[in-house]
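Enquirer: Provided below are the primary sequence and the corresponding predicted coordinates.
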Amino acid sequence: QVQLVESGGGLVQAGDSLGLSCAASGRTISSYAMGWFRQAPGKEREIVASINWIGSATFYADSVKGRSTISRDNARNMMYLQMNTLKPEDTAVYYCAASRARESSNVRSYEYWGQGTQVTVSS
């Protein structure tokens with residue numbers, strides 16, 4: 001089992017930057033694909049970004065491409081998401097997730113989920 005805990009959410013203003021962290025425990029995540037997902041009220045959970053098991057390949061949703069960076073540190077069992085130029089439409093609960101697949105951007109392939117951290121962007 002992999003336990004995931006997100007941190008770094010909060011209330012920011014449009015145009016600000018924010019960094020999210022995901023701490024994994026229970027097992028090493030070095031063989032797992034990792035992803036950030038978000039869910040806004042009344043909407044389905046959607047992918048924000050994903051990174052393959054060794055960090056050599058990344059995927060970004062069009063909505064965040066060019067202003068977000070996903071990264072991981074397998075030695076520390078950590079994953080990160082840096083988001084810049086935040087917009088009100090980025091407001092959502094952000095979830096960290098792990099997949100036993102080595103590379104995936106499909107939400108259905110992620111088996112382990114954190115509790116989520118709220119990100120609110122005011123205009």
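Expert: Cool, got the structure. Residues are numbered from 1 along each chain as shown.
Enquirer: Surely Glu89 is within a helix?
Expert: Yes. Under DSSP: H, G, I helix; E, B strand; the rest coil, Glu89 sits within a helix.
Enquirer: what's the spacing between it and Ser122?
Expert: 12 Å (CB to CB, to the nearest Å). (Glycine included, C-beta is placed from N, CA and C.)
Enquirer: CA-only coordinates of the strand or helix carrying Val12 in CSV, if you can.
Expert: Element membership of Val12, judged by DSSP states H and E, is strand 10-13. Backbone C-alpha positions of strand 10-13 (Å, rounded to 0.1, in the frame of the first residue of the first chain) are rendered in CSV as follows:
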residue,chain,number,x,y,z
GLY,A,10,-4.1,27.7,0.1
LEU,A,11,-5.7,30.9,-0.9
VAL,A,12,-3.8,33.0,-3.5
GLN,A,13,-4.6,35.8,-5.9
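Enquirer: any idea of the mean pLDDT in it?
Expert: For strand 10-13, the mean per-residue pLDDT is 97.
Enquirer: Identify each buried residue in that strand, please.
Expert: Within strand 10-13, the residues scored as buried using 16 or more other CB atoms under 10 Å are Val12.
Enquirer: tell me the contacts of Met35?
Expert: Wrong residue type there; residue 35 is Gly, not Met. Applying CB atoms under 8 Å, 6 or more residues apart in numbering to Gly35 gives the contacts 47-51, 96-99, 104-105, 107, 110.
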